[in-house]
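Peer 1: This is the structure alone, sequence omitted:
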């Protein structure tokens, strides 16, 4: 006699995302890009760089350029506050931080889902890969690789 084995659907594949604020927007990127979260502290001036480079910090002997994401995304300027953080990206090939207004939390979001659909293609944001509804909170998932490719164009 053969027994039927019923397979249960496995849990939906999920991404771990760090979410942060660029007031009033909630954004995030995949956690595997993140090395560390630090207070921005005093940043050194770096001459002759694009305006979105806010400065540089010393992190364990490495000079890390800090990108002001507000400036990069052409948002209204913000001030560094007690809640501001620099999200240091993990990579062997570059040392870079993203300055954000406030870190929210680590989110677990569905790996699959609809891509961003813009009614007018001219409204499309090339850095947002998905818009996710987190129980009433709207999270714009940014594509770090696209941002880095764009930034490379400034330094070539």
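Peer 2: Received, thanks. Fair warning: this is a prediction, and the values are worked out from it, not measured in the lab.
Peer 1: Identify all contacting residues around the longest helix along the chain.
Peer 2: Criterion DSSP state H: the longest helix present in the chain is helix 144-155. Contact with helix 144-155 is made by 29-30, 33, 49-50, 67, 72, 89, 94, 96, 126-127, 129, as judged by C-beta atoms under 8 Å, 6 or more residues apart in numbering. Placement of C-beta: from N, CA and C, glycine included.
Peer 1: In helices only, show me these.
Peer 2: Those of these lying in helices (DSSP H): residue 72.
Peer 1: now, which of the contacts of helix 144-155 lie within strands?
Peer 2: Counting by DSSP state E, the part of the contacts of helix 144-155 found in strands is 29-30, 67, 89, 96, 129.
Peer 1: Now the contacts of helix 144-155 in TSV, please, with extra columns for neighbour count and distance to residue 41.
Peer 2: Compiled in TSV, these are given as follows (neighbours: other C-beta atoms under 10 Å; distance: C-beta to C-beta, whole Å):
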residue	neighbour count	distance to residue 41
29	24	22
30	18	26
33	20	22
49	15	19
50	13	22
67	23	16
72	20	20
89	20	18
94	12	20
96	22	16
126	10	31
127	19	26
129	19	31
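Peer 1: is it possible to export the contacts of helix 144-155 to TSV including pLDDT?
Peer 2: As requested, the contacts of helix 144-155 are exported to TSV (pLDDT from 0 to 100):
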residue	pLDDT
29	95
30	94
33	93
49	89
50	90
67	95
72	93
89	94
94	77
96	92
126	78
127	87
129	85
